[in-house]
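Engineer: build me a structure from this.
(2 chains)
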Amino acid sequence: MRTPVFFPDATFGLIKHLDQKDLEHAKVPGIVVNAYHLFKLGKGKLIEKAGGIHAFMNWNGTVITDSGGWQIMSLIHDNPGAGKITDDGPIFFDPDLKQKIFFTPEKSIELQLQLKPDIMICLDNCTRHDVSIQNQKKSVEQTIKWAAQCKKEFEKLNPIIPARPLLFAVIQGGNSKKLRKKCAEGLLKIGFDGFSFGGHPVDAKGKLVTEILKYTADLIPDKFPKYAMGIGKPEDIVKCVKMGYTMFDCVIPTREARHGRLYVYHPETNLSAEESLRGILRSPRKTRLPQNNKKIFYEHLFVNSKLEYDFQPIDPTCDCLACQNYSRAYIYHLFRLREPAALRLATIHNLRFYTRLMEKIS
RNA sequence: GCAGGGAUGCCGGAGUGGACAAUCGGAGCAGUCUGUAAAACUGCCGCUCGAAAGGGCUACGAAGGUUCGAAUCCUUCUCCCUGCA
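Structural biologist: Purely as a prediction, here's the structure:
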């Protein structure tokens, strides 16, 4: 079994408030940068000239470049009228660039290659759970078509930087098993180095779509890496690892850190790998948890005035920079003053929580 | 001492006769966050009864007064600030 890995999202070529040394210390194995966002900033050529994203960032860990499929979906989904998705690629008005963009699979590959990543993602037509079955069907057809174009462009450019990057394709199909199957088969036939579960991984109620996740994982032969894109909460990751997924990325640990929600392993249930895999899976509710509830393995620590006189570390079992050096009271103090250091320490802590989670379940 | 200005809820600060339990910030509280339009956003935020609609009580430095009605007008007092002595 592959060791599961979690890659935080470094959309713009950075984890907000951190530098790459912070990532190393938190034992972060890799990051996901977004080719579309960097393209919007006009940084593709610059980064290429710098020698690629690793050299530019001075980051030796893994780098995945995401295509921008999700962003385009999100933009168009939330702003009907912003654009449309044609069989050749999305055409849409980008509010930041203030111009109309025609984004093709070939363009996506070209942009990603400028960044010289380790893993690239084919442009896909990403959907949300609430779109019609017709749209899901269209999404699958276009995702397969675009993936073929991506593969072709990739081979044409035949990148060696320094090693050939891996090219992953994304399986769409929403909640339809039939469509997921169709998509997986189509993509497998074209041939890729790894496969991702795409789309919105939670339903309208915010619940993980476990059934379709499991079904889709089983569609991918075990010799390929299975990447659950955009997942997720700690309990969601554990569930997905059980299904066979070994790669993850999500904004949750970093965003929630900035929003003052810190993750703490529950002292009573500081679980081993097997225990974690066996039966964790319930979301924590509040900071205080019922004792002896073995099903809860971590808790949320909210940065609020309850911490004002709390001089213990965020998580006494944690070895991160924040926990090794500062108290909850001090972190609260920094948050209250809106100091960027608060966000840095919180983010470091949450990322280390995630890397510890991956250690526990690998 | 004389002349001006001011005192508003935890804090800052609007309001200058009825629509004021009182705009708006901050703090506080409760939530949300899943291939980052996010150091963001939403709700609550005098006490109290009610599931809610709504009701009762107490409040705009203090005490009186005018008025159907006052945070808002008048009188006195207390404290703070600014000029002149």
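Engineer: who in the stretch 251-362 of chain A is up against RNA strand B?
Structural biologist: A:251-252, A:254-256, A:258-261, A:285-286, A:302, A:304-306, A:336, A:338, A:340, A:343 (CB under 7 Å from any atom of the strand). C-betas here are computed from N, CA, C, even on glycine.
Engineer: mind doing that once more with 10 Å?
Structural biologist: Residues of the stretch 251-362 of chain A lying close to RNA strand B by CB under 10 Å from any atom of the strand are A:251-261, A:283-288, A:300, A:302-308, A:332-333, A:335-343, A:346-347, A:351.
Engineer: quick check: ChimeraX command selecting the buried ones in these.
Structural biologist: Here is the ChimeraX command that picks out the buried ones among those, judged by 16 or more other CB atoms under 10 Å:
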select /A:252,253,254,256,257,258,260,261,284,300,303,307,332,335,342,343,346,347,351
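Engineer: and the longest helix seen in chain A, what does it pack onto?
Structural biologist: Assignment by DSSP state H gives helix A:133-157 as the longest helix of chain A. Applying 3 or more CB pairs under 8 Å, 6 or more residues apart in numbering; DSSP states H and E, we find helix A:133-157 packed against helix A:105-115, strand A:166-171, helix A:177-190.
Engineer: just the angle for the second one relative to helix A:105-115, thanks.
Structural biologist: Calculated by axes from the mean of the first three to the mean of the last three CA atoms, to 10 degrees, strand A:166-171 forms an angle of 140 degrees with helix A:105-115.
Engineer: quick check: mean pLDDT across strand A:166-171?
Structural biologist: Mean pLDDT, computed over strand A:166-171, is 97.
Engineer: which residues does the closest residue to residue A:100 other than its chain neighbours contact?
Structural biologist: What sits nearest to residue A:100 in space, not counting adjacent residues and going by CB to CB, 6 or more residues apart in numbering, is residue A:93, at 5.4 Å. Counting by CB atoms under 8 Å, 6 or more residues apart in numbering, residue A:93 touches A:82-83, A:99-101.
Engineer: which among the residues you listed gets closest to residue A:158?
Structural biologist: residue A:101 (26.7 Å; CB to CB).
Engineer: what about that closest one, how many neighbours?
Structural biologist: 19 (other CB atoms under 10 Å).
Engineer: grab the nearest non-local neighbour of it.
Structural biologist: Nearest residue to residue A:101, sequence neighbours excluded (CB to CB, 6+ apart): residue A:94, at 5.1 Å.
Engineer: burial count for that neighbour?
Structural biologist: Neighbour count of residue A:94, defined by other CB under 10 Å: 18.
Engineer: if we can go back for a sec, the residue nearest to residue A:100 and residue A:144, how far apart?
Structural biologist: Distance of residue A:93 to residue A:144, computed by CB to CB, to the nearest Å: 26 Å.
Engineer: from the contacts of residue A:93, list just the buried residues.
Structural biologist: Neighbour-count burial (16+ other CB under 10 Å) applied to the contacts of residue A:93 gives A:82-83, A:101.
Engineer: follow-up on the earlier one: among the helices and strands packed on helix A:133-157, which is nearest RNA strand B?
Structural biologist: strand A:166-171 (4.8 Å; CB to the nearest atom of the strand).
Engineer: tell me the angle of that closest one relative to helix A:177-190?
Structural biologist: Using the same axes, to 10 degrees: strand A:166-171 against helix A:177-190 is 160 degrees.
Engineer: for RNA strand B, what's its nearest residue on the stretch 1-150 of chain A.
Structural biologist: Residue of the stretch 1-150 of chain A nearest RNA strand B, by CB to the nearest atom of the strand: residue A:126 (2.7 Å).
Engineer: switch the helices and strands packed on helix A:133-157 over to TSV; also include mean neighbour count and distance to RNA strand B.
Structural biologist: TSV is the format used below for the helices and strands packed on helix A:133-157 (neighbours: other CB atoms under 10 Å; distance: least, CB to the nearest atom of the strand, whole Å):
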stretch	mean neighbour count	distance to RNA strand B
helix A:105-115	24	9
strand A:166-171	26	5
helix A:177-190	19	12
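Engineer: other residues contacting stretch A:219-227?
Structural biologist: Applying CB under 8 Å, 6+ apart, the contact partners of stretch A:219-227 are A:2, A:166, A:168, A:171, A:180-181, A:184-185, A:188, A:192-197, A:217, A:244-248.
Engineer: ranges for the helices of the stretch 251-362 of chain A?
Structural biologist: A:252-258, A:273-279, A:321-325, A:328-336, A:340-361 (DSSP state H, counting those that start in this stretch).
Engineer: and the average pLDDT for the fourth one is what?
Structural biologist: Looking back up the chat, that one is helix A:328-336. Mean predicted confidence for helix A:328-336 is 94.
Engineer: for it, packing partners?
Structural biologist: Applying 3+ CB pairs under 8 Å, 6+ apart, we find helix A:328-336 packed against helix A:340-361.
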